[in-house]
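> Here is my input, please return the structure:
(2 chains)
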There are 2 protein chains.
Amino acid sequence: MTRADTNRLVMKFGGTSMADLERIRRAARIVAAEAARGKGVAVVVSAMAGKTNELVAWTDGVGAAAPGLYGDGALSDDEYDVVVASGEQVTSGLLALTLRNMGLKARSWMGWQIPILTDDAHGRARIEDVQGDALGAAVDAGEIAIVPGFQGVTRDGRITTLGRGGSDTSAVAVAAALGAPCDIYTDVDGVYTTDPRIQSRARRLERVSYEEMLEMASLGAKVLQTRSVELAMHKRVPVRVLSSFIEPDENGNLPQHAGTLICDEDEIVEKRIVSGVTMSRDEARITLLGLSDRTDAPADVFTRLAEAEVNVDMIVQSQARTEGAVNLTFTTGRRDARRAADLMTAAKAEIGFEELRVDDDVAKVSVIGVGMRSHAGVAQTMFRALADKGIKFQAISTSEIKISVLIDSDYAELAVRALHAAYGLDAD
Amino acid sequence: MTRADTNRLVMKFGGTSMADLERIRRAARIVAAEAARGKGVAVVVSAMAGKTNELVAWTDGVGAAAPGLYGDGALSDDEYDVVVASGEQVTSGLLALTLRNMGLKARSWMGWQIPILTDDAHGRARIEDVQGDALGAAVDAGEIAIVPGFQGVTRDGRITTLGRGGSDTSAVAVAAALGAPCDIYTDVDGVYTTDPRIQSRARRLERVSYEEMLEMASLGAKVLQTRSVELAMHKRVPVRVLSSFIEPDENGNLPQHAGTLICDEDEIVEKRIVSGVTMSRDEARITLLGLSDRTDAPADVFTRLAEAEVNVDMIVQSQARTEGAVNLTFTTGRRDARRAADLMTAAKAEIGFEELRVDDDVAKVSVIGVGMRSHAGVAQTMFRALADKGIKFQAISTSEIKISVLIDSDYAELAVRALHAAYGLDAD
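You can find the predicted model right below:
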């Protein structure tokens, strides 16, 4: 699908774009400008900024378990979803009212009305099917459809939510169902070569491939939720990231606001070796010192972690000082580190190690680019740039299109700037 | 139906009983005590106190029309309902979570899940049908059902709300569908002979008939919404009004809390002539001075008011000083007074009157009792009691079971106390 295939458009506005009535009016003016161009428009909205946190705090206060803690058959926190899904219901209705007050036809479509069918993993449900026929007919008839993000419904009619950041995923799923491209309006004007708060010479990317965006989202770029990028890639939905801080002119036309198009690699003419540099402090390093060097010891460790659904990213094994022992280092998400450490400590005798250390003063810095597939020397450039600044790395992981290094947290911004320059990404 | 007919019970908690998590926990303990007695329990809840006002203010802020202003075919504010119905969704989920956290089985049932079918008069919808089979089966199986009050769904799946105070009506409608009695938990411990803030010697009524309660609700007693009493009377649902400020003992038993039972007149053994005295300042008096004395002039006035849906309560016509003219006085609800006056002024020439006066320094004081039907002298007692205190009345209206007088607002409390004593209602 290219953007010319359809006269439909899905637009998504996040929590800061829905934060109060004035922001909602601004979003409505942007929607109206697209509708005036003859587009059949569906708009996916988040809750007012801060509202979901308030609702979640209330569910905590009455003792709701964190999403997904219950197994099959046990009481699950479907009621958590009943509470937290309400925030998007409010903004959906308010945006529809605002558009009507501007003289446009608009109505809201709750997750259960469309329906957006999900599995029953309450609090982190996955969309299984968006039945877009009625929705599509409505937008084709010129009625703007407002869809609360983040929410769906199970096949037996219970409200579900998709987990944090789920509104991006809702938007892409609705776009896929309508065969439409998806414009994500947010508080930045696109995807940058790195975080402009770290490197002011970061450049906005005109286009970025799904694969690159997926790595960037996973590796710390917060502009889009990872799952939404996966879905866009899988369904081939063209996604644009755009700033919501724009204003139509007196004729109702939007200013030029190209943003960043996330699309197939084939559609990107100007090839780059590296498209972006990301940094994340959402990591923790766990080291098992003096682990038995029997060959199945690492397997024992990682099996236990996998069974507890702790995702492990980087792994390094090195010789220990003790004869017949190794040191095993791995990284996990920071939120999982305590649980992983407790798990290891509880099985210390069975696994057989001397000491456990947890360090979360670490950062993961990554370079990402589809050009790596066909270019040698990418890693070499990285290591030289880091060495020139005296930055040591503690672990490495690679994929076909990225290289990540784990470094001391204090050096994170320095490393980002060094790599951004080394790959020629600095703006003139 | 008597209370012994069923093992089901509907309980309703208002906004002050749902105001925060501690109040919700208290309500949950009361619910748990009823469930522990083996009752199949459905609980109808309001939004947190103040929340509906906040949501309504947001809809005002984006230019939503007041509920019901649109005619058929025009865009109606169905989206107003999408926004304001969310408040009860939140408290439903929170109460269900709280009960689960106490080890009980509970789930919420949204208006669209039951469903509670209404007409499509958004913002002031009327319940047409509550399909209670699945709900009844769930409560009979020991799962406490939590139902958001105030909300329903149209036959084509749009969210509706019932108008202010609609949660009482929801509770009675659910009780009727389940063939259950309905306990309304509120911030007072029953229905009183008059407002205890005006007369500290007011007494709680053990029982009051539907007819009396309906008059009391219409005439200023704020304990129950009028429409809920109409529905209870029509469906013969026994309703108890109870205080939510009670606490189960250490064995989980509720203290004695009889409250007031609203029931058939036949079930009231101890007959009283007058059951209560009410007072309302929600009135305005409009006088047309020097109205033409042609016989159709009053009809012209009241037809115009009826067409604008202004309800007129009391009417008095008297001779004017001008030859061939009369003065016509009528009362309306205070909210409608400005509109009624504008309507009259706009048609001044056609109607033919000299001057219009609006006075909202008036109060309506009423005595209510089914005993009036069979007792003479009730009005006489009233007029004598008022005369003894030097209180003049400006208008009178009567029904089979009530007498209302319009008086100067300054005398309202004095009149209430005088009448309360005159009919022997003062506690010893």
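> Next, residue A:345: phi, psi?
Dihedral pair for residue A:345: phi -60, psi -40, per degrees, to the nearest 10.
> how many other residues sit next to the residue lying closest to it once chain neighbours are set aside?
In space, and not counting its chain neighbours, residue A:345 is closest to residue A:356: 6.1 Å by Cβ to Cβ, 6 or more residues apart in numbering or on different chains. Bear in mind the C-beta positions are built from the backbone N, C-alpha and C, glycine included. Each residue near residue A:356 was counted by other Cβ atoms under 10 Å in any protein chain shown, and the total is 18.
> I'd assumed residue A:356 was in a strand, is it?
Yes: judged by DSSP: H, G, I helix; E, B strand; the rest coil, residue A:356 forms part of a strand.
> Which residues are in contact with it?
Contact partners of residue A:356, counting by Cβ atoms under 8 Å, 6 or more residues apart in numbering or on different chains, are A:286-289, A:341, A:344-345, A:348.
> of these, closest to residue B:312?
residue A:341 (76.2 Å; Cβ to Cβ).
> The residue lying closest to that closest one once chain neighbours are set aside: neighbouring residues, count only.
Leaving aside its sequence neighbours, residue A:341 sits nearest to residue A:358 (Cβ to Cβ, 6+ apart; 5.1 Å). Residue A:358: 15 surrounding residues under other Cβ under 10 Å.
> List the beta-bridge partners for residue A:358.
residue A:286 (DSSP bridges).
> State the distance from it to residue A:347.
16 Å (Cβ to Cβ, to the nearest Å).
> With residue A:338 instead?
For residue A:338 relative to residue A:347 (Cβ to Cβ), the value is 15 Å.
> How about residue A:317?
18 Å.
> likewise residue A:302?
In terms of Cβ to Cβ, residue A:302 sits 12 Å off from residue A:347.
> do the same with residue A:412
In terms of Cβ to Cβ, residue A:412 sits 33 Å off from residue A:347.
> Show me which of those two is the more surrounded one.
Ranked by neighbour count (other Cβ under 10 Å), residue A:412 and residue A:347 place residue A:412 first, with 20 against 14.
> List the single closest residue to the more buried one in space, sequence neighbours excluded.
residue A:363 (3.7 Å).
> Who are the contact partners of the one you found?
By Cβ under 8 Å, 6+ apart, the contact set of residue A:363 is A:279-281, A:283, A:406-409, A:411-412, A:415.
> Out of these, which sit inside helices?
Those of the contacts of residue A:363 mapping onto helices are A:412, A:415, per DSSP state H.
> just the helices in the stretch 1-150 of chain A please.
Taking DSSP state H, counting those that start in this stretch to define them, one finds helices in the stretch 1-150 of chain A at A:21-36, A:51-61, A:78-84, A:86-101, A:133-140.
> can you check the stretch 301-428 of chain A too?
Applying DSSP H, counting those that start in this stretch to the stretch 301-428 of chain A gives helices spanning A:334-346, A:348-351, A:378-388, A:412-422.
> the inter-axis angle of the last one versus helix A:378-388?
Taking axes from the mean of the first three to the mean of the last three Cα atoms, to 10 degrees, helix A:412-422 and helix A:378-388 form an angle of 130 degrees between their directions.
> Need the per-residue pLDDT for residue A:294.
What the model reports for residue A:294 is a pLDDT of 84.
> how far away is the most centrally placed residue in chain A from chain B?
By Cα atoms, centre = their mean, the mean C-alpha position of chain A lies nearest to residue A:225, the distance being 1.8 Å. Between residue A:225 and chain B the computed distance is 24 Å (Cβ to the nearest Cβ, to the nearest Å).
> How about the contacts made by the residue of the stretch 101-250 of chain A found nearest chain B?
Among the residues of the stretch 101-250 of chain A, residue A:101 lies closest to chain B, at 3.5 Å counting by Cβ to the nearest Cβ. Going by Cβ under 8 Å, 6+ apart, residue A:101 touches B:62-64.
> got a markdown table for the residues you listed, with pLDDT, distance to chain A and neighbour count too?
A markdown table is the format used below for the contacts of residue A:101 (pLDDT from 0 to 100; distance: Cβ to the nearest Cβ, whole Å; neighbours: other Cβ atoms under 10 Å in any protein chain shown):
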| residue | pLDDT | distance to chain A | neighbour count |
| --- | --- | --- | --- |
| B:62 | 88 | 4 | 23 |
| B:63 | 79 | 3 | 13 |
| B:64 | 72 | 5 | 25 |
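> and the residues you listed as JSON lines, adding distance to residue B:31?
Formatted as JSON lines, the contacts of residue A:101 follow (distance: Cβ to Cβ, whole Å):
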{"residue": "B:62", "distance to residue B:31": "36"}
{"residue": "B:63", "distance to residue B:31": "40"}
{"residue": "B:64", "distance to residue B:31": "34"}
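> what number of residues lie near residue A:268?
Using other Cβ under 10 Å, residue A:268 has 18 neighbouring residues.
> Now the phi/psi pair for it, please.
According to degrees, to the nearest 10, residue A:268 has phi -100, psi 110.
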